[in-house]
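1. Predicted model, plus sequence, below.
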Amino acid sequence: MNSESNVAPAVRSILEAARERGRSEGDDGPSGGRTPASDGRVSVEARSLPDAIERAEREDRVPVIAEVKPTSPTSDGTRDEDPVELARAMVEGGASAISVLTEPTHFDGSPEALRRVRAAVDVPVLRKDFVLRESQMDVVEADLILLIARFVDDLPALVAAARDRGFQPLVEVHDAAELEAALEADASIIGVNNRDLTKLEVDLGTFEGVAPAVPDDVTLIAESGVSDPADVRRMREAGADALLIGSAIMDHANTDEVDIAENTRRLTRV
Ligand SMILES: O=C(O)c1ccccc1NCC(=O)[C@H](O)[C@H](O)COP(=O)(O)O
C-alpha cells in the first residue's frame, strides 16, 4: 500500500536510511550474521511464536515479546548493555519471545546483535526493522520478521518471500484498511501498532479499535505503548494474544542500574 505521506520526520529519515542500507544489504552481500542458502537467500527453521504463546498461557504467564531496543526517536536515553545479557534477563522475567532492533542509525541495533541473541536464547526471536524489499530479508536468520503494511509496495509478495525463507511474517497495521491489506496478503500473525507513525504518539485505543475485526485464527499482537500492568490487562481484555513491549522494559530514562528481569516479570505475571 506504501503510504509514506504525513509520516513524522524521524520516520521519513528511518525509511531513507532503510532504502540506503537496502542498496548494500542483500544485493552486495550480507551486513552480518546470515546463513545463506546456495542462492544467497537465508533459510530458517523457525521457532513457532504460536507455540511459545500457548506455552506461556499454560504456565500462567502473559505472552510478552520483550524488545531489545537500545534507543529510538522517542526514547529518553540509550541503553548500551550487551543485547545478549538483556535478552537473557527478559527470558528470565518470563518473556515468551524476544524482539531485536536491527536498524542501526535510529535505534542502535544490528543484525549481529540479533544473531548473538538468537544463539543465546531458546525462544522465538523477531527481527524488528524497516524491511522494504525482499533482498533486505537475506541479512540474518530470525524466527519472525516484521513487515509494516503501510510502507511496502507489494505486501502479498513480501509475505510469501518471508515464508519461502522459513520466517514467520509479523505484519504490522495501524487501521482497518491496513488490516484488510494484511488479511488479503494471507498474514496469520498481525500486530496492531498503537504508535501513530504520523505523530509518534501512542494511543492504546488504536488496538481496541482494530482488534474486533481480526479473525480468531490470527495471532494478534498489541504493539507499543504498554507501560504497566493496567495496560497489559487492557490489551488482553481487548483481545491481544501477545504484547510487544520495549520501552517499559528497557527503562531508557533510568540512569541507575536497571533490573530488566524484574521489569519484564511485572508485565508477564499480571
Ligand atoms: O519507538 C519509537 O520511537 C519508534 C519511532 C519511529 C518508528 C518506530 C518506533 N518504534 C518501533 C516499535 O514498533 C516499538 O519499538 C515497539 O512496538 C515497542 O514499543 P514500546 O513498548 O512503546 O517501546
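-> That came in fine, so what should we check first? These numbers come from a predicted model, not from an experiment. Residues are numbered from 1 along each chain as shown.
2. Now do the strands in this protein.
-> 64-68, 97-101, 125-128, 144-148, 168-173, 189-193, 195-196, 201-202, 219-223, 242-245 (DSSP state E).
3. Of all those, which one is nearest Gly40?
-> strand 144-148 (16.6 Å; CB to CB). For the C-beta atoms, the positions are set from N, CA and C on the backbone; glycine is no exception.
4. residues from the stretch 51-200 of the chain in reach of the ligand?
-> Glu67, Lys69, Ser72, Pro73, Thr74, Asn193, Arg195, Leu197, Leu200 (CB under 6 Å from any ligand atom).
5. Spatially nearest residue to the last one (excluding sequence neighbours)?
-> Spelled out, that is Leu200. Excluding the flanking residues, the one nearest Leu200 by CB to CB, 6 or more residues apart in numbering is Ala8, at 4.9 Å.
6. Please read off the pLDDT at Glu25 from the model.
-> At Glu25, the pLDDT value in this model is 64.
7. swap in Ala37?
-> For Ala37, the predicted pLDDT is 59.
8. sorry, back to before: got the residues of the stretch 51-200 of the chain next to the ligand as JSON lines, with neighbour count columns?
-> Below are these laid out as JSON lines (neighbours: other CB atoms under 10 Å):
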{"residue": "Glu67", "neighbour count": "27"}
{"residue": "Lys69", "neighbour count": "25"}
{"residue": "Ser72", "neighbour count": "23"}
{"residue": "Pro73", "neighbour count": "13"}
{"residue": "Thr74", "neighbour count": "14"}
{"residue": "Asn193", "neighbour count": "25"}
{"residue": "Arg195", "neighbour count": "20"}
{"residue": "Leu197", "neighbour count": "21"}
{"residue": "Leu200", "neighbour count": "16"}
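9. quick check, nearest of these to Ala242?
-> Comparing these against Ala242 with CB to CB picks out Glu67 as the nearest, at 12.2 Å.
10. Give me the neighbour count for the residue lying closest to that closest one once chain neighbours are set aside.
-> Distance criterion CB to CB, 6+ apart; nearest residue to Glu67, sequence neighbours excluded, is Gly246 at 3.4 Å. By other CB atoms under 10 Å, 23 other residues sit near Gly246.
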